[in-house]
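Would you be able to build a 3D model of this:
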Amino acid sequence: MPENAKKVLEKVGQGEYEFTSYGEFLCYFHAHIDIFKRLLKAKNVEANKADALVKSTKAYMTANVKKTDHFFEHLPNFASMLGVPQNEIQNYLNTNFIEVLGRVKDKLKQQELEKQEQGVQYNSILEEIVEGLQVTLPADLRFADKGILIVLENTKTGEMIEPQGLMAESAKAALSVSGLAPTEKSNPPSLTEALASANAPPQVVKKVSVVNAPEKSILQEIVESFGDQLTGEKLNIQIGPPGGESQIEDTPKPKQKSSEEEYEIEDLEFEEETNQTTETIPDMELSFEDTETEGDLPIPEIQDPMLDLVKTFTVKSYLELSQMIGSFQQKNDQVGYQNWLRSQGELEKTVVAFRTQLMKEQKGEPVDWPNIFAGIISKTQFQEPSLDILLKNTRNYQWVKLTLDRAIIELKKGSPDFVNLVRLAWPHIQKAFLDVPNFDLVQRTLKGILSRVNDENHKKEFTRIFSMAINFLQSKYQV
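Numbering: from 1, shown residues only. Got it, this is the predicted structure:
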């Protein structure tokens, strides 16, 4: 097998194998393809047409789907390419995915094991002996290669059991040639230590120069760097304003910023990940200025052009925006974050500003919302009605995200089998919470997921965590 080939299985014990991350992705990939074929067959689509549709969808998946989480994100595109309504594909996946995935895993594992049997390559003669003779060692023991000596090593304590008989005599003979053979008069090291000492490479003596390189004078560096600017004139230190000028100057008025000026974006300071349910994001203040009004002139009614746009910003949009910010945090990419934020529209920039202030609010810090509103209105097309709606929605969406964060932390505390089941069901759990504030629909969707869980203990744990998440979100969500 070439070195650059992607491993599908990896050995975790004697005769036991498990899928690598790439292997898990392949299972998801082929499971979706199989389900698409079944769905088209169930809808009585002609065989030639169905093959063409599946082939084009497979090509799209190969080019665009790189992680297991991406399958759920591209579901609308799959539906469009197959010519099947998205909700129909979603329901079919919910019903059949776990069963099909299990079959695909069994088949792929069998194929990979057959490939390995046809061209087995061993890392050492010890591995070939153990695998070929099917030797079963006592618990916590393994063969270890110590030069020309093979010993048994306890993997827990590090203790080594040296060979006896002919192999030990051969090792002693090799040591006697090098003058390191153990004797009875002295207390020699063990055969393993003696062989390690005999075979150790000679120490390399690093030559260090004792002559220090001459250092350049600081005055010489100044002359070389700034020689053209040194004039030799006497410096006169002036305290206070120069003569002839008024001692009191008019305080300069601050420059009024243009309404077309872009947002001021500060660096995003990234912190290490913790086990907290809320991510820590530093303040990103927007320096808006108050607008001035003249006298008691009548203020004409101002239309709010952002109302319709605000209504299009959904909880899914907010979760995707938060995920984007999180990706910059993980990569510690401040420049990329700034460039990305500058490329966003007024709606997204305002949501990011609200998100930062809501983080402060959740920590118990005071937030001056009227001042923030006034600044945004002075620099964007937003008016107070649209900002009220956007702030309310953003606060609700942040509670949805916090609920999902708390839920996944609880779900990951289960057994390995339960965590593996969570990994399969998590995209569908996330999608269920996109239907808030329709909590009845959320509960029906979660019950549909629970109906696919066979183990009663797993079902009880899912039910407990789902109930906790819904009760928490209902107590925070403002309709």
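
Do you have the helices of the stretch 1-150 of the chain handy? List them.
Taking DSSP state H, counting those that start in this stretch to define them, one finds helices in the stretch 1-150 of the chain at 21-42, 47-64, 70-73, 75-82, 86-118, 125-133.

any idea which of those helices is most buried?
Of all the helices of the stretch 1-150 of the chain, helix 21-42 carries the top mean neighbour count, a mean of 18, counting by mean count of other C-beta atoms under 10 Å. Where C-beta positions appear, they are placed from N, C-alpha and C, glycine not excepted.

Just the angle for that one relative to helix 86-118, thanks.
Here helix 21-42 points in a direction 130 degrees away from that of helix 86-118 (axes from the mean of the first three to the mean of the last three C-alpha atoms, to 10 degrees).

one step back: adding mean pLDDT and distance to residue 10 as columns, could you present the helices of the stretch 1-150 of the chain in CSV?
Output for the helices of the stretch 1-150 of the chain, formatted as CSV (pLDDT from 0 to 100; distance: least, C-beta to C-beta, whole Å):
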stretch, mean pLDDT, distance to residue 10
helix 21-42, 89, 8
helix 47-64, 88, 24
helix 70-73, 83, 23
helix 75-82, 88, 30
helix 86-118, 85, 10
helix 125-133, 63, 15
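
closest to residue 425 out of those?
Distance to residue 425, taken as C-beta to C-beta, is lowest for helix 86-118 among these, at 8.2 Å.

Rebuild the helices of the stretch 1-150 of the chain as CSV, extending it with distance to residue 404.
Shown next, in CSV, are the helices of the stretch 1-150 of the chain (distance: least, C-beta to C-beta, whole Å):
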stretch, distance to residue 404
helix 21-42, 21
helix 47-64, 25
helix 70-73, 14
helix 75-82, 18
helix 86-118, 19
helix 125-133, 45
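
nearest to residue 375, of the ones you listed?
Nearest to residue 375, of all the helices of the stretch 1-150 of the chain, is helix 70-73, at 34.8 Å by C-beta to C-beta.

what about the strands in the chain?
In the chain, the segments counted as strands under DSSP state E are 9-13, 16-19, 141-146, 149-154, 160-161.

To residue 27, which of the ones you listed lies closest?
Ranking the strands of the chain by their distance to residue 27 (criterion: C-beta to C-beta) puts strand 16-19 first, at 6.7 Å.

Quick one: list the elements packing against that closest one.
On a contact count with 3 or more C-beta pairs under 8 Å, 6 or more residues apart in numbering; DSSP states H and E, strand 16-19 meets strand 9-13, helix 86-118.

Go again with 7 Å.
strand 9-13 (3 or more C-beta pairs under 7 Å, 6 or more residues apart in numbering; DSSP states H and E).

Quick one: mean pLDDT over the strand it packs on.
Average pLDDT, strand 9-13: 76.

Return the set of buried residues in it.
Judged by neighbour count using 16 or more other C-beta atoms under 10 Å, the buried positions of strand 9-13 are residue 9.
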